[in-house]
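**Q** Here's my sequence, what's the structure:
(one chain, ligands or ions: 1)
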Amino acid sequence: MRDYESHVFVCAGGDCKKRGARDTRKALKEELRSRGILGEARIDTVDCLGLCKHGPNVIVYDGDRPKGTWYLGLREDDVPEVAGQHLENGEPVERLAADRRPRKAKKTRK
Ligand code: FES
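**A** Just a heads-up that it's a prediction; the model follows:
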């Protein structure tokens, strides 16, 4: 089995597809190819990551982050930053990573 630096899962479920998952995946491959690191990351698709309304969703597993780095709503335009900073240099893009995004305020009942 080949040893990759990163394993990337791009959701290809219906909701993520509607929101541009194909473009995100295509941009990821092209960006990695242009940087000469396509062989260092494995990109697979999954049917659903359970956060459909936030798509296109992507998880990157690498380094010592067993929970992976979740990128929710990862648009084609965000891909160069993720490819360069995270997949090439090993530093997750904090402003795009799911646990770094501000949570919406909970609705209060009246
Ligand atoms: S369809 Fe992508 S998270 Fe469900």
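
**Q** all helices of this protein, in order?
**A** 14-18, 21-35, 79-81 (DSSP state H).

**Q** can you tell me which of those comes nearest to the ligand?
**A** Nearest to the ligand among the helices of the chain is helix 14-18; the distance by CB to the nearest ligand atom comes to 3.3 Å. C-beta coordinates here come from the backbone N, C-alpha and C atoms, glycine included.

**Q** Pretty sure residue 83 sits against residue 29.
**A** No. Counting by CB atoms under 8 Å, residue 83 sits too far from residue 29 to count as a contact (9.6 Å).

**Q** Which of the two has more residues huddled nearby?
**A** residue 83 (24 against 16; other CB atoms under 10 Å).

**Q** Dump the helices of the chain into CSV; add mean pLDDT as well.
**A** What follows is the helices of the chain, written out as CSV (pLDDT from 0 to 100):
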stretch, mean pLDDT
helix 14-18, 98
helix 21-35, 97
helix 79-81, 98
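
**Q** Thanks again, I'm all set now.
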